[in-house]
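Undergrad: Pasted the sequence and its predicted model underneath.
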Amino acid sequence: MSAEAIADAVPEPAAQPSPKASTRSRFAGLRSAKTMTGLVMFGVFVLAGAFGPVFWRKDPSALSNDILQPPSSAHWFGTTQTGQDILAQVLVGTRVSLLVGVTAAVLATVLSLLVGLTAGYVGGLTDELFSALANVFLVIPALPLVVVLAGYLPTRGSLTVAVVISLTGWSWGARILRAQTLSIRRRDFIEAARATGERPIRIILFEILPNEFAIVASSFLFTIVFAILTQAGLAFLGLSDVTTWSWGGILYWAQNNQALQSGAWWWFVPPGLCIALIGMALALINFGIDEFVNPRLRVQKLAAKRARQMPVTKSEPRPASRRTDVVLEVTDLHVNYGEEPSAVKAVDGVDLVLRRGEVLGIAGESGSGKSTLAYAITRLLRPPGEVVSGSIHYWPRGEEPVDVLRMSPDELRAFRWAELAIVFQSAMNSLNPVLTLRVQMADSLTAHRPGMSTQQRDARVVEVMTMVGLPADRADAYPHELSGGMRQRALIAMALVLEPDVLVLDEPTTALDVVVQRQILNQIMALREQLGFAVVFITHDLSLLIEVADRIAIMYAGRVIETGSASELYRSPQHPYSDGLLHSFPHLHGPRKVLTGIPGTPPDLRFIAPGCPFQPRCSKAIASCTTTMPLLLATTKGHQVACLLTQPRSDDDGQL
């Protein structure tokens, strides 16, 4: 093939986000209300300590005749028993307290990094020696040790106090970093770094340390608070240089002059309030960093979620002629990860209908939104995933439909597993490793059918295990005592123990060999015929769905792009993506040929270009594909396609 032909065969790459946009989206989590509030509060203290004494030109040690004056225009924070201005003392004390806190935090964090990372990565004798050293400092109470050291040192200045505090505050951070490093060093990307010849120091600094950013930041911020509190305590006890103004020093002189007894509240309240506010500011910053590192902790939209979790609102009865056979209907469902403007639209306007006893297959590449759809249907999405809009209606037999998205937590617990159950991808991770199968299956019966006796629950457990092909004597086995196929059968048995109407299978056979896959699929299909439940089967293997599903929906970039009966989709796929998936596996009969697959990669869902999202990878794309988003429209009865090639177009709308 010539170079020109190769160049023509390669599709145009999708529009990539600019570096500036990527940076904005990466750090969007740091702009939360908590983080910004904490940064503003901390910034006020830094500015007050750095420039406050310059603008408030009163000498904190100067005596005057304004003795024990409450706050006034002349003395905003009042005066002491000797007429000294308390605001001037607080401003100078802010500088000293912050200097002690930050210095101690830097020294303690550096020590904990050196000991924790080295011990965790090197291991062996080095780990034992460093761990023993950290354990010694952990056993000794920190505050009494600080008091003893500060009391016997010849100098008690701010730098001395900061060094003493850092020597007593590094050990707990080192232990946490060591434990995290021990876990990270066994991961594949660390082994890959070693295999490529990277030096240990580079692996520690560039591979391990960035993964421990949240721990290091938390340790640093906590140590600042600990150091400020400890310095205030030492000064209050007279164990540091009380002639140098600090928040603790102000409290020391207030206590010595009996400010509390004399009612001079303005003497001790300002420094105490400063200590409390600086602790609050650093805690808010730490919360923001945690949310930035771990998106599951982002809770800015909890109010919107609570609004959705209202008591179940019954939908209007649907015409019986249209909905007698429907058990589940998804309408215009939108699911985002993160927040605008950089939200990932994992599910974008999906409409699906599941009929009783039907197998609905959902196929697509990784990242197409299949599993997100499954978790949205079962209301198992965790932050930052969130259902933005749409509805999921469930039709109980002989009753009016209910919107699953509007169920309260109690109603949702009663609905899940009893009416709709899910089988997850990884059986080993889905089963509790310290509980037997009997206990785990009986938990569902205890929660949903509290009236059942122990004998009835045990009988039901044995019954469903037998149904899925598990021997009854394996009921008292732990997950690690079972093979992969047996664990998957156990998950299916747990899902069927309450006889739900809908069973969601989220790639249940991905990690199994083809023989066990076939056995489990045959078992599921036989149980469906026997029990009459409907199945939502999610997989990337379209050839498998064509064999077991009644209808198939193809997903790409969070949207359903084609849906129809399995037989018709096999005979005549109308979307180029569906055709590419169908021809990505070899036929058992017919001539052997090279499989081309689908060129390119799925789009970045944060930055979807205008037009059809499949257009950059499509060999049949036309001009309007770059500007027009195709709608999912019916082509024949029961068959819908979202492709401009199947819709009327102008003569000048030629192929790209």
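TA: Arrived safely, thanks for sending. These numbers were taken from a predicted model, which means no experiment stands behind them. Numbering: from 1, shown residues only.
Undergrad: now stretch 338-353: mean pLDDT?
TA: Taken as a whole, stretch 338-353 has an average pLDDT of 85.
Undergrad: Dump that stretch to CSV, restricted to CA.
TA: Output in CSV follows, covering the C-alpha atoms of stretch 338-353 (Å, rounded to 0.1, in the frame of the first residue of the first chain):
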residue,chain,number,x,y,z
GLY,A,338,-18.2,16.1,37.4
GLU,A,339,-19.5,19.6,37.0
GLU,A,340,-19.9,22.0,34.2
PRO,A,341,-18.2,23.2,32.1
SER,A,342,-15.9,20.1,32.1
ALA,A,343,-18.5,17.5,33.0
VAL,A,344,-18.2,14.1,31.3
LYS,A,345,-21.6,13.3,29.7
ALA,A,346,-21.4,9.5,30.2
VAL,A,347,-25.1,9.0,29.3
ASP,A,348,-26.6,11.5,26.9
GLY,A,349,-30.3,11.3,26.3
VAL,A,350,-30.8,7.5,26.3
ASP,A,351,-34.3,6.0,25.7
LEU,A,352,-34.9,2.3,26.3
VAL,A,353,-37.9,0.0,26.8
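Undergrad: That stretch: which residues count as buried?
TA: 338-339, 342-353 (16 or more other CB atoms under 10 Å). Any C-beta I mention is one placed from the backbone N, CA and C, and that applies to glycine too.
Undergrad: is it possible to export those residues to a markdown table including distance to Val161 and secondary structure?
TA: As requested, the buried residues of stretch 338-353 are exported to a markdown table (distance: CB to CB, whole Å; DSSP: H, G, I helix; E, B strand; the rest coil):
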| residue | distance to Val161 | secondary structure |
| --- | --- | --- |
| Gly338 | 44 | coil |
| Glu339 | 43 | coil |
| Ser342 | 45 | coil |
| Ala343 | 48 | coil |
| Val344 | 48 | strand |
| Lys345 | 54 | strand |
| Ala346 | 52 | strand |
| Val347 | 56 | strand |
| Asp348 | 58 | strand |
| Gly349 | 62 | strand |
| Val350 | 61 | strand |
| Asp351 | 66 | strand |
| Leu352 | 66 | strand |
| Val353 | 71 | strand |
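Undergrad: Which two among those residues are spaced furthest apart?
TA: Ser342 and Val353 (32.4 Å; CB to CB).
Undergrad: Mind listing what's buried along the longest helix belonging to the chain?
TA: The longest helix of the chain (DSSP state H) is helix 86-122. Across helix 86-122, burial judged by 16+ other CB under 10 Å covers 86-105, 107-109, 111-113, 115-121.
Undergrad: next one: stretch 66-86
TA: Buried, per 16+ other CB under 10 Å, within stretch 66-86: 66, 68-69, 71, 75, 77-81, 84-86.
Undergrad: Please flag which of those sit within strands.
TA: In strands, defined here by DSSP state E, there are no members of those.
Undergrad: Can I get those residues in CSV including distance to Thr601 and pLDDT?
TA: What follows is the buried residues of stretch 66-86, written out as CSV (distance: CB to CB, whole Å; pLDDT from 0 to 100):
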residue, distance to Thr601, pLDDT
Asp66, 74, 81
Leu68, 74, 83
Gln69, 72, 84
Pro71, 65, 88
His75, 68, 85
Phe77, 62, 88
Gly78, 67, 85
Thr79, 71, 87
Thr80, 70, 86
Gln81, 74, 83
Gln84, 69, 86
Asp85, 67, 88
Ile86, 65, 87
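Undergrad: Does Asn65 touch Gln84 like I think?
TA: No: using CB atoms under 8 Å, Asn65 is not in contact with Gln84, being 11.6 Å away.
Undergrad: Let me know the secondary structure of Val504.
TA: strand (DSSP: H, G, I helix; E, B strand; the rest coil).
Undergrad: Excluding chain neighbours, what is closest to it?
TA: Among residues not flanking Val504 along the chain, Ile422 sits closest, at 4.2 Å (CB to CB, 6 or more residues apart in numbering).
Undergrad: contacting residues around the one you found?
TA: Ala374, Thr378, Leu380, Ala495, Leu503, Val504, Leu505, Asp506 (CB atoms under 8 Å, 6 or more residues apart in numbering).
Undergrad: number of nearby residues for the last one?
TA: Burial measure for Asp506: 21 neighbouring residues, criterion other CB atoms under 10 Å.
Undergrad: quick one: which of the contacts of Ile422 is nearest Phe189?
TA: Asp506 (26.1 Å).
Undergrad: wait, doesn't the closest one sit right on Ile538?
TA: Yes: between Asp506 and Ile538 a contact is recorded at 5.0 Å, counting by CB under 8 Å.
Undergrad: anything in contact with each of those two?
TA: Lys370, Ser371, Ala374.
Undergrad: Can you tell me how far the first one is from Leu405?
TA: To Leu405, Lys370 is 19 Å away according to CB to CB, to the nearest Å.
Undergrad: Neighbour count for the two, which is higher?
TA: Using other CB under 10 Å as the criterion, Lys370 and Leu405 rank with Lys370 on top: 23 against 19.
Undergrad: my guess is the more buried one contacts Ile538, does it?
TA: Yes: using CB under 8 Å, Lys370 is in contact with Ile538, at 4.6 Å.
Undergrad: what touches both of these two?
TA: Shared contacts of Lys370 and Ile538, defined by CB under 8 Å, 6+ apart, comprise Ile362, Asp506, Glu507.
Undergrad: so what's the second one up against?
TA: Right, the one you point to is Asp506. Neighbours of Asp506 in contact, by CB under 8 Å, 6+ apart: Lys370, Ser371, Ala374, Ile422, Val423, Phe424, Gln425, Ile538.
Undergrad: Return the two entries of these that lie farthest from one another.
TA: Applying CB to CB across the contacts of Asp506, the maximum distance is between Lys370 and Val423, 14.0 Å.
Undergrad: Now Pro630: which helix or strand?
TA: Following DSSP states H and E, there is no helix or strand that holds Pro630.
Undergrad: Distance from the chain centre to stretch 495-511, please.
TA: 24 Å (CA atoms, centre = their mean, to the nearest Å).
Undergrad: Extract the C-alpha trace of it and format it as PDB.
TA: The C-alpha coordinates for stretch 495-511 follow below in PDB (Å, rounded to 0.1, in the frame of the first residue of the first chain):
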ATOM      1  CA  ALA A 495     -29.400 -11.800  42.500                       C
ATOM      2  CA  LEU A 496     -32.300 -14.300  42.000                       C
ATOM      3  CA  VAL A 497     -32.900 -15.200  45.700                       C
ATOM      4  CA  LEU A 498     -35.800 -12.700  45.900                       C
ATOM      5  CA  GLU A 499     -37.200 -13.500  42.400                       C
ATOM      6  CA  PRO A 500     -36.900 -10.000  40.900                       C
ATOM      7  CA  ASP A 501     -38.700  -8.900  37.700                       C
ATOM      8  CA  VAL A 502     -35.500  -7.400  36.200                       C
ATOM      9  CA  LEU A 503     -32.000  -8.700  36.200                       C
ATOM     10  CA  VAL A 504     -29.100  -6.400  35.100                       C
ATOM     11  CA  LEU A 505     -26.000  -8.300  33.900                       C
ATOM     12  CA  ASP A 506     -23.000  -6.000  33.800                       C
ATOM     13  CA  GLU A 507     -20.500  -8.000  31.700                       C
ATOM     14  CA  PRO A 508     -20.900 -11.000  34.000                       C
ATOM     15  CA  THR A 509     -18.600 -13.300  32.000                       C
ATOM     16  CA  THR A 510     -15.700 -11.000  31.100                       C
ATOM     17  CA  ALA A 511     -13.100 -12.700  33.300                       C
END
